[in-house]
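Peer 1: How does the following fold in three dimensions:
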Amino acid sequence: MFLVAPASTEPRAIKFHAFSVFCFLLTAACFTTGRVRQFFGSVIGFAIFLLGVAYLADELRGGALGSGSRANPSVANAVTFLLFIGAPGAAYAWKARFGFRKSP
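Peer 2: Numbers count the residues shown, from 1 in each chain. Model (predicted):
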């Protein structure tokens, strides 16, 4: 993603770089163990939760309540995303405590 990103002067370049960092975090979580894995997993889970909150806030500001399709943005789809994807990510981050909690 870093290699195919548009020039840094374009506004969408930051999205390419953010997705590149997300992919790096996923890779790091897969190839590490212990507290380091918990840290990367917690960062991923919390990031997904924040994305869900941002998606819901954006839809509440100007989106449709329901779209009739899961493919189109709506408040209902944002709530569904937050409940089924964002909340488990936040729960993992809370449980793992970003790797700073001692293992039992």
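Peer 1: residues in contact with stretch 92-100?
Peer 2: Stretch 92-100 is contacted from outside by 34-39, 41-43, 45-46, 49, using CB atoms under 8 Å, 6 or more residues apart in numbering. To be clear about C-beta, it is placed using only N, CA and C from the backbone, and glycine gets the same treatment.
Peer 1: Nearest to Met1 among those?
Peer 2: Nearest to Met1, judged by CB to CB, of the contacts of stretch 92-100 is Val43 at 17.4 Å.
Peer 1: isn't that closest one right next to Leu25, touching?
Peer 2: Yes: counting by CB atoms under 8 Å, Leu25 is a contact partner of Val43 at 5.8 Å.
Peer 1: Let me see the backbone angles for Ser67.
Peer 2: phi -110, psi -10 (degrees, to the nearest 10).
Peer 1: Equivalent analysis for Pro11, please.
Peer 2: phi -70, psi -30.
Peer 1: Turn the contacts of stretch 92-100 into a markdown table, including secondary structure, neighbour count and distance to Val79.
Peer 2: Formatted as a markdown table, the contacts of stretch 92-100 follow (DSSP: H, G, I helix; E, B strand; the rest coil; neighbours: other CB atoms under 10 Å; distance: CB to CB, whole Å):
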| residue | secondary structure | neighbour count | distance to Val79 |
| --- | --- | --- | --- |
| Gly34 | helix | 9 | 35 |
| Arg35 | helix | 16 | 33 |
| Val36 | helix | 13 | 33 |
| Arg37 | helix | 16 | 30 |
| Gln38 | helix | 22 | 28 |
| Phe39 | helix | 20 | 29 |
| Gly41 | helix | 23 | 24 |
| Ser42 | helix | 22 | 23 |
| Val43 | helix | 19 | 24 |
| Gly45 | helix | 24 | 18 |
| Phe46 | helix | 17 | 19 |
| Phe49 | helix | 21 | 13 |
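Peer 1: distance between the lowest-mean-pLDDT helix or strand in the chain and the chain's centre?
Peer 2: Ranked by mean pLDDT, DSSP states H and E, the weakest helix or strand in the chain is helix 13-31, scoring a mean of 91. When distances are taken as CA atoms, centre = their mean, to the nearest Å, helix 13-31 is centred 10 Å away from the chain's centroid.
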